[in-house]
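> quick check, what structure comes out for this input:
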Amino acid sequence: MSQQKVILLLGSNLGEQKKNLELALQKISEGGNNISQISEFLMSEPVEFASSNIFCNIAAIIFTHLSPIQLLDFIKDIEVEMGRSNDSKVSGGYADRIIDIDIITYNELNFISERLEIPHKKHLFEREFSRVLLKDFI
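Sure, this is the predicted structure:
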C-alpha cells in the first residue's frame, strides 16, 4: 500500500501537556509513520465538558501505510499506553485526558463506521481551536 496523507489533531490537558504531545508524536513516528509537518502548540479551553484544566493542542500531517481502521487502532494503542483510561466513544462523554489523538482527514476519503468518521466534521467545522490549528493544513 502506498503512503496515505493524514491530518491528526492531538490534545492533552493532564500532566506535562507539551511533553505528552511530543511523546505521542514520537510514538507515531516510531510506528513507521512519517511526520511531515506540525503546527504550533495552541492552548484552549475544554470543549463540550467542564474542567479547570486547559488543553494544549497540536496538528500534524503524517504519511502512513496504515488503513484508516489500522491507524485508529494504532493511535488508540498509543493513548492507552500513555495512560488514557477513558474513551469518549465508549463512555459517551468527554473527560480530562493525558492524550487524545483524532484522525481529521485521510487523503480525500469519506468514511463512516461505528468507530470512525472521516473527515472529522466537529474539528473541521465546529471547533474554533481546531480551525486555528488546521488553517495552514487544509
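
> just the strands in the protein please.
For the chain, applying DSSP state E gives strands covering 4-12, 34-38, 42-44, 55-64, 100-106, 111-112, 117-118.

> who wins for proximity to residue 72 among those strands?
Judged by Cβ to Cβ, the one of the strands of the chain that comes nearest to residue 72 is strand 100-106, at 6.5 Å. All C-beta atoms are positioned from the backbone trio N, CA, C, and that covers glycine.

> shaky segments in this protein?
Residues of the chain meeting the criterion pLDDT under 70: 1, 86-93.

> who does residue 12 bridge with?
With DSSP bridges applied, residue 12 shows beta-bridge pairing to residue 56.

> count of neighbours near it?
27 (other Cβ atoms under 10 Å).

> make JSON lines out of the strands of the chain and add distance to residue 131.
Formatted as JSON lines, the strands of the chain follow (distance: least, Cβ to Cβ, whole Å):
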{"stretch": "strand 4-12", "distance to residue 131": "11"}
{"stretch": "strand 34-38", "distance to residue 131": "17"}
{"stretch": "strand 42-44", "distance to residue 131": "11"}
{"stretch": "strand 55-64", "distance to residue 131": "10"}
{"stretch": "strand 100-106", "distance to residue 131": "11"}
{"stretch": "strand 111-112", "distance to residue 131": "21"}
{"stretch": "strand 117-118", "distance to residue 131": "17"}
